[in-house]
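Engineer: A structural model of the following input is requested.
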Amino acid sequence: MIKRHTIVLLALCAANTTLFAQTPMKPNIVFILTDDLGYGDLGCYGQKLIKTPRLDQMAAEGIRFTDFYAGSTVCAPSRSVLMTGQHMGHTHVRGNAGGPDMSKQSLRAKDVTVAEVLKSVGYANGLCGKWGLGDEAQGGRSGLPRRQGFDFFYGYLNQVHAHNYYPEFLWRNEVQETLANNVKKVDRSYGGFTGGWATKKVDYSHDLIANEALNFIKRSARPMVDGKPFFLYLALTIPHANNESGKALGDGQEVPDYGQYADKDWSNPDKGQAAMISRMDADVGRILDLLKELGVEKETLVMFSSDNGPHDEGGHNVERFDPAGPLRGMKRDLYEGGIRVPLIARWPGTTPAGVTSDHVGYFGDLMATVADLSGAQVPDDTDSVSFAPTLIGLESEQEKHRYLYWEFYERGGKQAVRSENWKAIRMPWKTGTTQLYDLNEDVGEENDVAVSHPERVAKLEKMMDEAHRPHPSWTVRGRKPAVAK
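Structural biologist: Residues are numbered from 1 along each chain as shown. Take a look at the predicted model:
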């Protein structure tokens, strides 16, 4: 694996000598991850009502991927795939843990993250926003960001804490910083944390996180000949709902103001949903502007994506915005709407501008991609294929996945696999009926063609069985835990 990626990088350099002569071999890397943003929530992916001019501009100046996938259909496991380069059949965190013991939802000391790989070749690493893979709670400390390769952290550790945009505190490294908000707690806790919503709203967490990200870039962006390259993982919480206020008050889309949507004849949750996404878009623009101002724009690869499909938990009208676009399903589905997500990549002078790519990739590919671009070694036990060739305009040299795989333990359990243009979904877990879709002809997954392609179904089911490695902490509810082999 390591040798193969080294050879790939050398081949890319040889094939495009002029390009790499003008490009640093260790670019700064900014990966921006939004929370519950749908495939159709951006203008450049077909959104008509919500304005996202800076991301639309970013797509026009870079590459817009049409067939890119999240690691999972919910938060924590998707982020585990992103950080470890292992798909859902192999990664440690495979679901959102509900009990007080956070060990199931925390990375272990032996798990190797993207940040650790980049740190090994001299990167300064910062994380701003929502982590969700380690906590101060019982069993969670091994997964704390600064034990997983990050030099700096600001934001939320616990994902339930991250529901609230006006929390009482945020974490700076391992220290709680008190904010000016007052929070009404709910009666139950989840994942070691008791959620709630603010009765006194002063400090908006998204704004604080965005400002910390800008400050990290200012501290880290030195001329490449003089200083370290940097990696910023900006894990925004927008447009995730505050589930607690959504259930109690009917409005979970918390935002300081409705901005350009204030006078719309919409419900407040609808205005909040749109305002949150446009606010996020403006902050992406602030990052792009800062990179240019600091003179490191051409030395920095910026990528933008979402952790899973869109939610319907904030009280807003999903039909108004059509957040999944042409896709079927939403968050917690293994249909395309639950797992296919936007990916925009921009690296001025390196990525071709205004290109649309149908390369089939997923979160786990970040590991091999950053390793190729930085000269780092890829850990042996990954399911990662570098999309560096596509990023530098050599799509003809792009390696393809044999298949992509997902599994989900809630709602009776389900599995899915995509191989070339074919997508299979098996529900319930392992023993249920398998649906088959030809995504080239039916991206909306409306026509199940399993009956007419039994051999194809059997082939994809074999891939599902091959991809799943039993894990003692993860099983479909109501079944005995699996035994790892």
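Engineer: tally of neighbours for Asp380?
Structural biologist: 8 (other Cβ atoms under 10 Å). Just so you know, the C-beta spots here come from the backbone N, C-alpha and C atoms, and that holds for glycine as well.
Engineer: Against Ala353, how distant is it?
Structural biologist: 36 Å (Cβ to Cβ, to the nearest Å).
Engineer: tell me which element Gln415 is part of?
Structural biologist: Using DSSP states H and E, Gln415 maps to strand 414-419.
Engineer: Strand partners (parallel or antiparallel) of that strand?
Structural biologist: If you go by DSSP bridges, strand 414-419 pairs up with strand 404-408 (antiparallel), strand 422-427 (antiparallel).
Engineer: among the ones you listed, which is the most enclosed?
Structural biologist: Scoring the strands paired with strand 414-419 by mean neighbour count under mean count of other Cβ atoms under 10 Å gives strand 404-408 as the most buried, with a mean of 25.
Engineer: Quick one: mean pLDDT for it?
Structural biologist: Summarised as a single mean, pLDDT over strand 404-408 is 98.
Engineer: Same check on stretch 67-86?
Structural biologist: pLDDT averaged over stretch 67-86 gives 98.
Engineer: Report the distance from that stretch to the chain centre.
Structural biologist: Mean-position distance between stretch 67-86 and its chain equals 6 Å (Cα atoms, centre = their mean, to the nearest Å).
Engineer: Okay, now the unreliable bits of the stretch 101-250 of the chain?
Structural biologist: The model of the stretch 101-250 of the chain has pLDDT under 70 over residues 223-226.
Engineer: Break down it into its helices, ranges please.
Structural biologist: Assigned by DSSP state H, counting those that start in this stretch, the stretch 101-250 of the chain shows helices spanning 114-119, 205-220, 243-249.
Engineer: same deal with the stretch 301-450 of the chain?
Structural biologist: Ranges of helices within the stretch 301-450 of the chain are 318-321, 336-339, 365-374, 388-391, based on DSSP H, counting those that start in this stretch.
Engineer: which stretch among those comes nearest Gly227?
Structural biologist: Gly227 lies closest to helix 365-374 among these, at 14.9 Å (Cβ to Cβ).
Engineer: and the angle from the closest one to strand 404-408?
Structural biologist: Going by axes from the mean of the first three to the mean of the last three Cα atoms, to 10 degrees, helix 365-374 is angled at 140 degrees with respect to strand 404-408.
Engineer: Mind checking the pLDDT average for helix 365-374?
Structural biologist: Mean pLDDT, helix 365-374: 97.
Engineer: His90 - nearest residue in space that isn't next to it in sequence?
Structural biologist: Once flanking residues are discounted, His90 sits nearest to Arg469: 5.4 Å by Cβ to Cβ, 6 or more residues apart in numbering.
Engineer: And that neighbour, how far from Asp381?
Structural biologist: Distance of Arg469 to Asp381, given as Cβ to Cβ: 10 Å.
Engineer: Between the two, which contacts overlap?
Structural biologist: His90 (Cβ atoms under 8 Å, 6 or more residues apart in numbering).
Engineer: Contacts for stretch 184-191, please.
Structural biologist: Residues outside stretch 184-191 that contact it (Cβ under 8 Å, 6+ apart) are 96-100, 102, 105, 135, 137, 158-160, 194-199, 244, 248.
Engineer: from these, which would you call buried?
Structural biologist: Buried by 16 or more other Cβ atoms under 10 Å: 96-97, 102, 105, 135, 137, 158-160, 195-198, 244, out of the contacts of stretch 184-191.
Engineer: list the buried ones in the strand or helix carrying Ile277?
Structural biologist: For Ile277, the host element (DSSP H and E) is helix 268-293. Of the residues in helix 268-293, 269-285, 287-288, 290-291 count as buried by neighbour count, 16+ other Cβ under 10 Å.
Engineer: tell me the mean pLDDT over it?
Structural biologist: Taken as a whole, helix 268-293 has a mean pLDDT of 98.
Engineer: Which strands and helices lie in contact with it?
Structural biologist: Applying 3 or more Cβ pairs under 8 Å, 6 or more residues apart in numbering; DSSP states H and E, we find helix 268-293 packed against strand 28-34, helix 53-60, helix 205-220, strand 300-306, helix 318-321.
Engineer: among the ones you listed, which is nearest Pro348?
Structural biologist: Pro348 lies closest, by Cβ to Cβ, to one member of these: strand 300-306, at 8.4 Å.
Engineer: Would you mind writing the CA trace of the closest one as PDB?
Structural biologist: Extracted C-alpha coordinates of strand 300-306, given in PDB (Å, rounded to 0.1, in the frame of the first residue of the first chain):
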ATOM      1  CA  THR A 300      -3.600  25.800  -0.200                       C
ATOM      2  CA  LEU A 301      -6.100  23.100  -1.200                       C
ATOM      3  CA  VAL A 302      -9.600  23.900   0.200                       C
ATOM      4  CA  MET A 303     -12.200  21.200   0.200                       C
ATOM      5  CA  PHE A 304     -15.900  21.500   1.200                       C
ATOM      6  CA  SER A 305     -18.300  18.600   2.000                       C
ATOM      7  CA  SER A 306     -21.100  17.400   4.400                       C
END
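Engineer: Please state the offset of that strand from the chain centre?
Structural biologist: Taking Cα atoms, centre = their mean, one finds strand 300-306 lying 10 Å from the centre of the chain it belongs to.
Engineer: now stretch 128-142
Structural biologist: That offset, for stretch 128-142, works out to 17 Å (Cα atoms, centre = their mean).
Engineer: Show the end-to-end separation of it, please.
Structural biologist: 19 Å (Cα to Cα, to the nearest Å).
Engineer: Tell me which residues of it come out buried.
Structural biologist: Across stretch 128-142, burial judged by 16+ other Cβ under 10 Å covers 128-135, 137, 139-140, 142.
Engineer: Repeat that for stretch 374-388.
Structural biologist: Residues of stretch 374-388 classed as buried: 374, 376, 378-379, 382-388 (neighbour count, 16+ other Cβ under 10 Å).
Engineer: Ok, stretch 41-52 next?
Structural biologist: 41-45, 47, 50-52.
Engineer: Can you tell me what sits against that stretch?
Structural biologist: 39-40, 53, 55-56, 59-60, 64, 239, 260, 273-274, 277-278, 281, 306, 310, 320-323, 325-326, 342, 344.
Engineer: With adjacent residues omitted, what lies nearest to the residue nearest to the spatial centre of the chain?
Structural biologist: Geometric centre of the chain, nearest residue: Asp307, 3.3 Å, by Cα atoms, centre = their mean. Nearest non-adjacent residue to Asp307, counting by Cβ to Cβ, 6+ apart: Ser78, 4.6 Å away.
Engineer: and that neighbour, helix, strand or coil?
Structural biologist: What DSSP: H, G, I helix; E, B strand; the rest coil gives for Ser78 is helix.
Engineer: Verify the contact between it and Thr84 for me.
Structural biologist: No. The pair Ser78 / Thr84 is not scored as a contact, 11.3 Å apart, by Cβ atoms under 8 Å.
Engineer: any common contacting residues for these two?
Structural biologist: Common neighbours of Ser78 and Thr84 (Cβ under 8 Å, 6+ apart) do not exist.
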